[in-house]
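Colleague: What would the 3D arrangement of this be:
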Amino acid sequence: MTLDCAVIGGGPAGLNAALVLGRSRRKTILFDDNKPRNAVTSESHGFITRDGIHPQEFKRIAQEELSRYPDVRVEQHRVHSINKKNNLFQVETENGEVYGAKKVILATGFKEILPDVPRVKEFYGKSLFSCPFCDGWELRDRPLAVITEDQKAFHFSKVVSNWTNDLIIFTNGRKIFSLEEQELLKNNGISIKEKKISSLSGKEGMLEKVQLEDGTSVLREGGFITAEWKQAASFDSLDYTLNEQGGITTDSWQRTNTEGLYACGDARIAGPSQLIIAAGEGSMAAIAVNAALIEEKFSQEI
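Modeller: Numbering: from 1, shown residues only. Sure, this is the predicted structure:
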């Protein structure tokens with residue numbers, strides 16, 4: 001059997017793509033190894049009717065909805081390789097199974113590399129987060145930290161200040177702000193600590209103190225981190241390009257520079273997006289796939 005589309009990745013982008021494809025009567029397999037970036041997250045926010053839902057519950061509901069459509073199947077296997085031969089993609093899973101697909105949607109997301117700070121993983125996803133739009137409300141009006149080592153820090157810190165008037169930036173030994181940026185942050189009540197962080201302290205994932213190498217401790221009750229983003233999966237045999245942020249380059253229809261290959265969600269954005277944005281991108285990619293298949297059918301008939 002030749003698939004109309006193989007969707008690689010079972011997050012909100014891939015799930016919504018599979019839903020739209022199923023409703024379009026397209027033979028589709030969604031490949032999901034169930035190793036999401038947000039595995040440490042207990043609540044997801046910003047998706048109307050699903051605000052505060054646990055990511056695994058979101059996935060359970062989504063897969064239950066997909067089961068209504070006979071043309072959609074979910075395979076819990078990681079895709080090992082994808083090759084394109086004679087306008088058909090050969091999708092091979094880690095257990096050696098090979099599927100042919102007319103189109104492929106990459107919704108593989110990304111993985112994050114956290115700053116080199118002792119104990120940071122104990123607090124990440126519980127009181128330290130990456131997206132203020134996702135978790136800022138829960139941390140509102142508390143004394144917060146921004147832990148950052150890169151050039152995103154200036155803009156990111158301004159955004160975080162929307163939720164608190166008590167904000168301190170920790171650069172972990174880096175000097176990343178210009179004098180002008182330092183002055184602007186200071187004038188808006190935002191402090192900067194450039195000493196290297198020796199440890200984070202707290203209980204059960206709830207941050208209490210940021211400890212610096214000079215022996216000082218700064219009381220904080222949570223905060224945000226800028227991480228380094230990398231593609232969660234790469235397929236070297238496919239010809240697609242990455243933008244300056246590391247996301248897969250597409251046009252407005254989510255098409256890459258390889259005919260029949262699409263990308264959506266965090267893999268394309270190269271940064272953490274809300275569920276609703278990723279799901280919307282998945283829907284757009286599926287609509288584009290369906291449109292292409294329809295045009296190809298009528299072109300063959302002509």
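
Colleague: Can you give me the distance of the spatially closest residue to Asp266 that is not a sequence neighbour to Arg119?
Modeller: What sits nearest to Asp266 in space, not counting adjacent residues and going by C-beta to C-beta, 6 or more residues apart in numbering, is Gly109, at 4.4 Å. Yep, even glycine has a C-beta here, placed from its N, CA and C like the rest. Distance of Gly109 to Arg119, given as C-beta to C-beta, to the nearest Å: 25 Å.

Colleague: okay, these two: which has more neighbours?
Modeller: Comparing Gly109 with Arg119 by other C-beta atoms under 10 Å, the one with more neighbours is Gly109, at 28 against 14.

Colleague: The longest strand seen in the chain - contacts with which helices or strands?
Modeller: Looking across the chain with DSSP state E, the single longest strand is strand 98-106. Packed against strand 98-106 by the contact rule (3 or more C-beta pairs under 8 Å, 6 or more residues apart in numbering; DSSP states H and E) you find strand 2-8, strand 88-93, strand 261-263, helix 275-301.

Colleague: Which residues does it contact?
Modeller: 1-9, 14, 17, 29, 82, 87-93, 233, 235, 240, 248, 254, 256, 260-264, 267, 282, 285-286, 289, 292-293 (C-beta atoms under 8 Å, 6 or more residues apart in numbering).

Colleague: For the residue lying closest to Asp116 once chain neighbours are set aside, list the residues it contacts.
Modeller: Counting by C-beta to C-beta, 6+ apart, Asp116 lies nearest to Asn172, which is 7.3 Å off, once chain neighbours are set aside. Contact analysis of Asn172 by C-beta under 8 Å, 6+ apart lists 115-117, 147-149, 196-197.

Colleague: ok, now with 10 Å
Modeller: Residues near Asn172 by C-beta atoms under 10 Å, 6 or more residues apart in numbering: 115-117, 120, 147-149, 193-198, 210, 212-213.

Colleague: Kindly report the same for Glu65.
Modeller: Contacts of Glu65 by C-beta under 10 Å, 6+ apart are 15, 18-19, 22, 72.

Colleague: what helix or strand does it sit in?
Modeller: Here Glu65, judged by DSSP states H and E, is contained in helix 55-66.

Colleague: quick check, distance from the helix or strand just after that helix to the centre of its chain.
Modeller: The first helix or strand that comes after helix 55-66 along the chain, using DSSP H and E, is strand 72-75. Centroid separation for strand 72-75 versus its chain: 22 Å, with C-alpha atoms, centre = their mean, to the nearest Å.

Colleague: Keeping just the C-alphas, turn strand 72-75 into CSV.
Modeller: Output of strand 72-75 as CSV, limited to C-alpha atoms (Å, rounded to 0.1, in the frame of the first residue of the first chain):
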residue,chain,number,x,y,z
VAL,A,72,-5.4,7.2,9.6
ARG,A,73,-3.1,4.9,11.6
VAL,A,74,-0.7,5.7,14.4
GLU,A,75,2.5,3.8,14.6
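
Colleague: So which residues make contact with the following helix or strand past it?
Modeller: Where DSSP H and E defines the elements, the next helix or strand beyond strand 72-75 is strand 79-85. For strand 79-85, contacts defined as C-beta under 10 Å, 6+ apart pick out 6, 8-9, 29, 31-33, 89-101, 104, 106, 108, 233, 235-239, 258-261.

Colleague: ok, the residue lying closest to Thr148 once chain neighbours are set aside - contacts?
Modeller: Using C-beta to C-beta, 6+ apart and skipping residues adjacent in sequence, the residue nearest Thr148 is Thr226, 4.2 Å away. By C-beta under 10 Å, 6+ apart, Thr226 lies in contact with 112, 114-115, 130, 146-153, 155-157, 271.

Colleague: ok, back up a step: tell me which of the contacts of Asn172 is nearest to Glu43?
Modeller: For these, the residue nearest Glu43 by C-beta to C-beta is Val120; the value is 19.8 Å.

Colleague: now the closest one: how far from Ala153?
Modeller: For Val120 relative to Ala153 (C-beta to C-beta), the value is 16 Å.

Colleague: how many neighbours does the closest residue to Phe235 other than its chain neighbours have?
Modeller: Closest residue in space to Phe235, ignoring its immediate chain neighbours: Ile82 at 4.7 Å, by C-beta to C-beta, 6+ apart. The local packing of Ile82 (other C-beta under 10 Å) involves 21 other residues.

Colleague: what's the spacing between Ile82 and Glu296?
Modeller: 20 Å.

Colleague: And Gly282, by the same measure?
Modeller: On the measure of C-beta to C-beta, Gly282 and Glu296 end up 21 Å apart.
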